[in-house]
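Participant: Return atomic coordinates for the entry below.
(chains A and B)
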Amino acid sequence: MSQAASHPDRGPAIPPGSPTAARRAKTGLGDLALGIMARFGAASIIFMLTALLFVLFTAALPSVRQFGANFFISTQWRVNTLEKPAIGPDGRVLKEDGETVMTTIPPAFGALPTIYGTAVTSFIALVVAVPLSFGAAIFIVRVAPRWKIAGPISFLIELLAAIPSIAYGLWGLYVLAPFLRDWVAPTLQKVLGDIPAFRWMFFETITIAGRLQERPIAFTGRDMLCGGLILAIMILPIITAVARDVLRAVPRAQIEGSLALGATWWQSCWGMLRYARAGLFGAVVLGLARAAGETMAITMVIGNNNQIAASPFAPAQTMASLLASEFREAAGLHRAALLEVALVLLIMSLIFNVVARWLFVGGQSRSAAAH
Amino acid sequence: MRSQGVGQLGRWYSRIMFGVCVGFAALIIALLSLVIWYLLAIGAQSVDLAFFTQDQSGDPTAPGGMRHAIVGTLVLVGLASAVGVPMGMLAGIHMAEYSQETWLAKPARFIADVLAGVPSIVIGILGYELIVVPMGNFSGWAGAAALAFIMIPIVARTTEEMLLLVPNSYRAGSFALGATKAQTILRVVLPAASGSVVTGIMLALARVAGETAPLLFTALGSRFLTLDPNQPFPSLTVQIYTYATGPYEAERRLAWAGILVLISILFALNLTIRVVAARSARHLKSN
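Facilitator: Next up is the predicted model:
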């Protein structure tokens, strides 16, 4: 044993799972039991995903049937039945025996505002996080080893990933949101508010009594900007870590060759970035998947308002935050609609993760071929 | 990339970009310090002995402590690992030792990776539909099941990776001595990788201990200290969420204290993981 251990050969003499290895081993009852149990364990993972898709789809079926493709286009999210005065053909409120005739409007569920909220906050998060992460990854790969701080820096950034979502939410709600409300938004308004091109950031158009009116947005700090920034901080570690690994996998010859040809430090870095672009894109997609699925922190800072507003200072709702804030009280069609949102969220995250994986694998085989 | 010589401008540009990279790394570290400093500083003002020894009092102006929530989280994570760790390890053993590229292992590996990225709120909703609805009430079982669901793919993938790091000479030696495959795996391969496998398990523990979203619709949360998983179950994270979004100042202070305790536990776990991982790597080398 110890003799073998002193030479940890990684040679592929007998791959652990190969039929040769299995045939050489004796078999017994214990063997059979462990084999079956291990197979059961692996099968359970496949079963888990199947259950996830099947259960969500069946439970969302009433909503899928009722709304169809409209679910993704409609901006209406009305949980309760609404009573409204009926309007006659002449445009006036209908009256019968002095009583206003009421029409009932059934509940309606459209996911567009939450899809919009998810898209905008994720976009803000990526715009902030991607340059920072790539810069930090280059620093860790190209600069930090020289200063002997690559390990500690990596560790600190990974520590960011260990902070739970709820902690970021608390920080966002009581530190970042007040800061944005009291400092950033008013300052921006002072600088940009008078420029017509930026008017959309500080004013919203609403319908009051059938007329369009413009009014200034009240800064609460709990808005899409705050949500996006919190998401940015939360996806920094994953993008940095993946980008770092991808950049480390770039062959040394690639870097040294370009330096030998007289490239500047940045030109050789740029060469690395170009070389590793598939993997880096994978890192971005992975960050996007995290941002789109993030729940607790965003629920606490997004403002929870089902609306589509242009301004980053307007409160909104993401798919995940909608689920977190409404699912517990939901019943009937409302619950089915929420389950459809959950299904969309699930499928979206599956697609993002598959694409990201595919990009890594593609990038790896590319660099392997280049060796 | 341009291969001919670069002018003064290119060299300055390179220097600027060098500064930008250093600056970005420094900015991330600064952000991290800022977040952690706030969490620790405000938490430290609010945490006291009562936090650990009292349950929720029901009076929002003097809300007592969070003993019930701490115990709740420990129980939930314990229950979840009782299922999640063995299941995940078995799956990992299958993928590493039995059939690396078969019809079962390949999709299982792929799905485990993909499942690790599924938003945890979706898993909470699955727990609600599969367990809470049939049972008729929110329960600790449902919460633990949701956490186990999150643990299994993580444990499976780390177990697999760690087992594959064990040199094949170990297996060959064991087979040569007449051991069966099960004996080889359980007595030789797994112990050799135990340090790293423990690391993976602790990583999964740290991940689920900080989860809030999957517990919202499964364990729900509770004001009382309970050990009965048939009832709605308290947890540190959900309690923090309730307090943090509530209107009472005293409860918010408790939320900050709760975050301090939670983060201390998670950081301690992470540091231990580092130490264990480093030691087991040294162990494999020096042996």
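
Participant: Run a quick neighbour tally on residue B:170.
Facilitator: Residue B:170 sits with 21 neighbouring residues when counted by other C-beta atoms under 10 Å in any protein chain shown. Quick note: C-beta positions are derived from backbone N, CA and C, even for glycine.

Participant: Go ahead and confirm it touches residue B:189.
Facilitator: Yes: with contacts counted by C-beta atoms under 8 Å, residue B:170 reaches residue B:189, the gap being 6.2 Å.

Participant: give the contact list for residue A:102.
Facilitator: Counting by C-beta atoms under 8 Å, 6 or more residues apart in numbering or on different chains, residue A:102 touches A:83, A:84, A:85, A:86.

Participant: So residue B:247 lies in a helix, does it not?
Facilitator: No: using DSSP: H, G, I helix; E, B strand; the rest coil, the assignment for residue B:247 is coil, not a helix.

Participant: Torsion angles phi and psi at it?
Facilitator: Backbone geometry at residue B:247, expressed as degrees, to the nearest 10, gives phi -90, psi 0.

Participant: any idea which helix or strand carries the residue nearest the centre of chain B?
Facilitator: Residue closest to the average C-alpha location in chain B (C-alpha atoms, centre = their mean): residue B:207, at 1.4 Å. Secondary structure from DSSP states H and E places residue B:207 in helix B:194-209.

Participant: Contacts (any at all) between chain A and that helix?
Facilitator: Yes: shown here: helix B:194-209 in contact with chain A (C-beta under 8 Å from any C-beta of the partner chain) through B:206, B:209.

Participant: Might you list the low-confidence residue ranges for the chain?
Facilitator: Picking chain A for this. Across chain A, the ranges flagged by pLDDT under 70 are A:1-27, A:361-371.

Participant: not what I meant, chain B
Facilitator: Counting by pLDDT under 70, chain B contains low-confidence ranges at B:1-6, B:100-101, B:281-287.

Participant: how does it divide into domains?
Facilitator: Residue ranges for the domains of chain B, per automatic domain parsing: B:8-46, B:51-286.

Participant: With chain A instead?
Facilitator: Domains of chain A are assigned by automatic domain parsing as A:80-108, A:110-370.

Participant: how about the helices of the stretch 101-250 of chain B, start to end?
Facilitator: B:105-115, B:120-127, B:133-135, B:140-165, B:168-176, B:181-183, B:190-192, B:194-209, B:213-216, B:236-245, B:249-286 (DSSP state H, counting those that start in this stretch).

Participant: and what of the stretch 1-150 of chain A?
Facilitator: According to DSSP H, counting those that start in this stretch, the helices that the stretch 1-150 of chain A contains are A:2-6, A:19-24, A:29-67, A:112-138, A:144-147, A:150-162.

Participant: for the longest one, packing partners?
Facilitator: What it means is helix A:29-67. Contact here means 3 or more C-beta pairs under 8 Å, 6 or more residues apart in numbering or on different chains; DSSP states H and E; on that basis helix A:29-67 packs against helix A:332-370, helix B:67-93, helix B:105-115, helix B:120-127, helix B:140-165, helix B:181-183.

Participant: Now find how far off-centre the fourth one is within its chain.
Facilitator: The chain centre lies 16 Å from the centre of helix B:120-127; the measure is C-alpha atoms, centre = their mean, to the nearest Å.

Participant: What lies in contact with the helix holding residue B:207?
Facilitator: Contact with helix B:194-209 is made by A:162, A:164, B:73, B:77, B:80-81, B:84-85, B:88-89, B:147, B:150-151, B:154-155, B:157-159, B:161-163, B:165, B:190, B:262, B:265-266, B:269-270, B:272-273, B:276-277, B:279-281, B:283, as judged by C-beta under 8 Å, 6+ apart.

Participant: Could you give me the buried positions within it?
Facilitator: For helix B:194-209, the neighbour count (16 or more other C-beta atoms under 10 Å in any protein chain shown) marks B:195-209 as buried.

Participant: and what of stretch A:197-206?
Facilitator: Applying a neighbour-count criterion of 16+ other C-beta under 10 Å, one finds A:201, A:202, A:204 buried in stretch A:197-206.

Participant: same thing with stretch A:93-102?
Facilitator: So, applying 16+ other C-beta under 10 Å, stretch A:93-102 has no buried residues.

Participant: and if you look at stretch A:328-347?
Facilitator: In terms of neighbour count (16+ other C-beta under 10 Å), stretch A:328-347 has its buried residues at A:330, A:333-346.

Participant: Show me which of those residues is closest to residue A:39.
Facilitator: Minimum distance to residue A:39 across the buried residues of stretch A:328-347 is 26.3 Å, recorded for residue A:346 (C-beta to C-beta).

Participant: Identify the residues contacting the closest one.
Facilitator: By C-beta under 8 Å, 6+ apart, the contact list for residue A:346 reads A:52, A:53, A:56, B:118, B:119, B:122.

Participant: Okay, residue A:234 and residue A:293: tell me how far apart.
Facilitator: Applying C-beta to C-beta, to the nearest Å, the value for residue A:234 to residue A:293 is 11 Å.

Participant: Please determine how far residue B:19 is located from residue A:265.
Facilitator: From residue B:19 to residue A:265 the distance is 11 Å (C-beta to C-beta).

Participant: For residue A:192, the count of nearby residues, please.
Facilitator: A total of 13 residues lie near residue A:192 under the criterion other C-beta under 10 Å.

Participant: Contacts for stretch A:116-135, please.
Facilitator: Stretch A:116-135 is contacted from outside by A:224-225, A:227-229, A:231-236, A:239-240, A:243, A:273, A:280, A:283-284, A:287-288, A:291-292, A:298, A:302, A:308, A:312, A:316-321, B:20-21, B:23-25, B:27-28, using C-beta under 8 Å, 6+ apart.

Participant: Now do the buried residues in that stretch.
Facilitator: Within stretch A:116-135, the residues scored as buried using 16+ other C-beta under 10 Å are A:116-118, A:120-122, A:124-126, A:128-130, A:132-135.

Participant: Out of those residues, flag the one nearest to residue B:126.
Facilitator: residue A:118 (19.9 Å).

Participant: Which residues of the stretch 101-250 of chain A lie near chain B?
Facilitator: Checking the stretch 101-250 of chain A against chain B by C-beta under 8 Å from any C-beta, the hits are A:131-136, A:138-140, A:142-144, A:153, A:155-160, A:162-171, A:173-175, A:233, A:236, A:240.

Participant: Put the buried members of those residues into a ChimeraX selection.
Facilitator: Of those, the buried ones can be selected in ChimeraX as follows, counting by 16+ other C-beta under 10 Å:
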select /A:132,133,134,135,136,138,139,140,142,143,144,153,156,157,159,160,162,163,164,165,166,167,168,169,170,171,173,174,233,236,240
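
Participant: looking at chain A, which residue lies furthest from center?
Facilitator: Relative to the mean C-alpha coordinate of chain A, counting by C-alpha atoms, centre = their mean, the farthest residue is residue A:97 (55.9 Å).

Participant: Please report phi then psi for that one.
Facilitator: The phi and psi values for residue A:97, taken as degrees, to the nearest 10, are phi 50, psi 40.

Participant: And it, how close does it get to chain B?
Facilitator: Relative to chain B, residue A:97 is positioned 46 Å away (C-beta to the nearest C-beta, to the nearest Å).

Participant: Pull the contacting residues for that residue.
Facilitator: Neighbours of residue A:97 in contact, by C-beta under 8 Å, 6+ apart: none.

Participant: Compute the distance between it and residue A:103, please.
Facilitator: From residue A:97 over to residue A:103 the distance is 17 Å, taken as C-beta to C-beta.

Participant: Kindly report the same for residue A:211.
Facilitator: Distance of residue A:211 to residue A:103, computed by C-beta to C-beta: 22 Å.

Participant: Settle it for me: which of these two has more neighbours?
Facilitator: Neighbours were tallied for residue A:211 and for residue A:103 using other C-beta under 10 Å; the higher tally belongs to residue A:103 (11 against 7).

Participant: got a list of what that one touches?
Facilitator: A:83, A:84, A:85, A:86.

Participant: In contact with residue B:10, which residues?
Facilitator: A:264, A:267.
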